[in-house]
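1. Here is my input, please return the structure:
(one chain, ligands or ions: 2)
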Amino acid sequence: MKRILSCMQPTNNLQLGNYLGALRNWVKLQDDGDSECLYGIVDLHAITVKHDPAALTNATRSAAAAYIAAGVDPKKSSIFAQSAVPAHSQMMWLFSCMTPMGWLNRMTQFKEKAGKKKDQASLGLYSYPVLMAADILIYQATHVPVGDDQKQHLELARDIAASFNQHYAGGDTFFTMPEPVIMGEATRVMSLRDGTAKMSKSAESDMSRINLTDDADTIANKIRKAKTDPGAVPSNKEEAEGRPEALNLLTIYGALSDTSAEASMAEFGGQQFSVLKNALSDLAVAKLTPITSRMNELLTDPAEIDAILAKGAEKARALSQPTVDETMKLMGFWS
Ligand code: AMP
Ligand code: TRP
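-> Residues are numbered from 1 along each chain as shown. Ligands and ions are numbered 1, 2, ... in the order given. Now for the predicted structure:
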C-alpha cells in the first residue's frame, strides 16, 4: 500500500501555485483510493523567520480549512499540525547529527531565502531541510506530492534515509526511500509580475500572486494587470520561447482547464493577450471562488477544525511511533 505524505507551511495565505503544484494533486491521490494519506501543516517550519504566535495558530487553522475546502477529506486523509507530533523534532536532532553541512550548503532555497544576510539567518532556516526529511521519513512515506521547487529537498531526504540505512540498519531498507511526485501541468507557477520568479506567498507584491482568499474582483484585477509582452499570444512552444509571462498564463489556463499549455496555445494563439486574460479570469474565478467560500464557511467553526486536527495528530502519532521507537533502538538510545 502506498503511503502519501505532504505538507505546507502555514504562512500567510495559500496561493495558486500551492493549489496547482500541490494541493490539487493531494486530492487526486487521496481519491485514487489505494493509499494512506497524511497531509501536514508544518508550523515548526514556519518559525524559521520571525513569527507572531497568535497569527501562527490562526494560519494553521486557515491552512487546514484550505486543505478541506480544496477537497482533502478528513474522513479519508489525516490532516495534522506538525507541532502536535513531537517525533518530527525528535527525529530531526538524530538526523542533524548525521547530515554533513556540505549537503545543506547545496540547498538553493536557503541561499535564496537568506540572501546576502547569511550570518543573520537562523540555524533553523539552514537546517530546515533536515526537519523536512524527518517529516517524511518518520511516516515511512512512499510518495511525496510536491511542486518542482521541492525536488532538491526530497533528494536530501533520500540521502539521509540511505545514510541511516547503511550506518544503523546494516544496509537493510529500514527507512523507505520516498519518491517525489511532481505531477500536473503547473508544477512551477510563476509570478504574475515576473515570469522568471516563482509565485510565492511570501513575495512582497500581492499583485504577483493569486491567493486562495482573493475575491472574484481581486482575481480579475490581478490577471488584467499581469505582465505580458507586446506580441500576440504565442501559438506554439517555439513562439513562447523567451516569453516566460506568456507561457505562465497559458500554463495556468491549461492547468485550470485540465488540459495543457499547448492546448491553450492552440485556443488563444495569434490573439491579443486581453482575450486570454478575460478567459483566464473567468476560469480562475469559477475554479477558485467556490474553494474560498467553502474555506470561509469552515472558518466560522474553529472548534470543528481543531477537532479534525486533533484526530489527524492522533493518527499521525500512532503511525510514526513504531518507526521512532525502532530508530532510537538502532541508534543505541533508551526508551
Ligand atoms: P510552501 O508554500 O513553500 O509551503 O509550499 C507548499 C507546496 O506548494 C510545496 O509542495 C511546493 O512545491 C508547492 N508550491 C509552492 N509554490 C509553488 C509554485 N509557485 N508552483 C508550484 N508549486 C508550488
Ligand atoms: N518545504 C516544503 C515547502 O516549503 C514544505 C514541507 C515541509 C514539506 N515538510 C514537508 C513538503 C514534507 C513535503 C513533505 O514547500
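
2. what number of residues lie near Gly102?
-> For Gly102, the tally of surrounding residues (other CB atoms under 10 Å) stands at 7. Yep, even glycine has a C-beta here, placed from its N, CA and C like the rest.

3. no, scratch that, I was asking about Glu314
-> By other CB under 10 Å, the residues close to Glu314 number 14.

4. What helices and strands are in contact with the one helix or strand it maps to?
-> Assigned by DSSP states H and E, Glu314 falls within helix 302-330. Using 3 or more CB pairs under 8 Å, 6 or more residues apart in numbering; DSSP states H and E, the elements in contact with helix 302-330 are strand 35-41, helix 53-70, strand 77-81, helix 87-96, helix 151-168, helix 273-299.

5. tilt between that helix and helix 151-168?
-> 40 degrees (axes from the mean of the first three to the mean of the last three CA atoms, to 10 degrees).

6. Any buried residues in helix 302-330, and which?
-> For helix 302-330, the neighbour count (16 or more other CB atoms under 10 Å) marks 305, 308-309, 312-313, 315-317, 319-320, 323-324, 327, 330 as buried.

7. how about stretch 183-195, does it get close to ligand 1?
-> Yes. Stretch 183-195 reaches ligand 1 (CB under 6 Å from any ligand atom) through Thr187, Arg188, Val189.

8. which of these has the most neighbours?
-> Taking other CB under 10 Å as the neighbour criterion, Val189 ranks highest of the residues of stretch 183-195 next to ligand 1 with 25 neighbours.

9. near ligand 1, which residues of the stretch 201-335 of the chain?
-> Counting by CB under 6 Å from any ligand atom, the residues of the stretch 201-335 of the chain close to ligand 1 are Lys201.

10. Any stretches of the stretch 201-335 of the chain with poor pLDDT?
-> For the stretch 201-335 of the chain, no stretch is flagged by pLDDT under 70.

11. Quickly find the element holding the residue of it found nearest ligand 1.
-> Taking CB to the nearest ligand atom as the measure, the stretch 201-335 of the chain has Lys201 as its residue closest to ligand 1, at 5.5 Å. Secondary structure assignment for Lys201, by DSSP H and E: no helix or strand.

12. That one against Thr11, yeah?
-> Yes. The criterion here is CB atoms under 8 Å, and Lys201 meets it with Thr11 at 6.1 Å.

13. and those two? which has more neighbours close in?
-> Thr11 (21 against 18).

14. Phi and psi next, for the spatially closest residue to His153 that is not a sequence neighbour.
-> Among residues not flanking His153 along the chain, Pro129 sits closest, at 4.8 Å (CB to CB, 6 or more residues apart in numbering). When read as degrees, to the nearest 10, the backbone of Pro129 gives phi -70, psi -20.

15. isn't Gly17 right next to Met199, touching?
-> Yes. Judged on CB under 8 Å, Gly17 makes contact with Met199 at a distance of 4.1 Å.

16. list the residues that contact both of the two?
-> Val189, Arg209 (CB atoms under 8 Å, 6 or more residues apart in numbering).

17. can you dump the C-alpha coordinates of the helix or strand hosting Asn248 into PDB?
-> Assigned by DSSP H and E, Asn248 belongs to helix 244-256. These are the backbone C-alpha positions of helix 244-256, laid out as PDB (Å, rounded to 0.1, in the frame of the first residue of the first chain):
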ATOM      1  CA  PRO A 244       8.000  33.500 -19.700                       C
ATOM      2  CA  GLU A 245       5.000  35.700 -18.700                       C
ATOM      3  CA  ALA A 246       3.000  34.500 -21.800                       C
ATOM      4  CA  LEU A 247       3.900  30.900 -21.100                       C
ATOM      5  CA  ASN A 248       2.900  31.200 -17.500                       C
ATOM      6  CA  LEU A 249      -0.600  32.500 -18.200                       C
ATOM      7  CA  LEU A 250      -1.000  29.800 -20.900                       C
ATOM      8  CA  THR A 251       0.200  27.100 -18.400                       C
ATOM      9  CA  ILE A 252      -2.200  28.300 -15.700                       C
ATOM     10  CA  TYR A 253      -5.100  28.300 -18.100                       C
ATOM     11  CA  GLY A 254      -4.100  24.700 -19.200                       C
ATOM     12  CA  ALA A 255      -3.900  23.500 -15.600                       C
ATOM     13  CA  LEU A 256      -7.100  25.100 -14.500                       C
END
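
18. Okay, now the unreliable bits of the stretch 1-150 of the chain?
-> Ranges of the stretch 1-150 of the chain meeting pLDDT under 70: 12.

19. what does the stretch 151-300 of the chain put close to ligand 2?
-> Taking CB under 6 Å from any ligand atom as the contact definition, the stretch 151-300 of the chain meets ligand 2 at His153.

20. any idea what the closest residue to Leu192 other than its chain neighbours is structurally, helix, strand or coil?
-> Counting by CB to CB, 6+ apart, Ala226 is the residue found nearest to Leu192 once chain neighbours are left out, at 4.1 Å. Under DSSP: H, G, I helix; E, B strand; the rest coil, Ala226 falls in the coil class.
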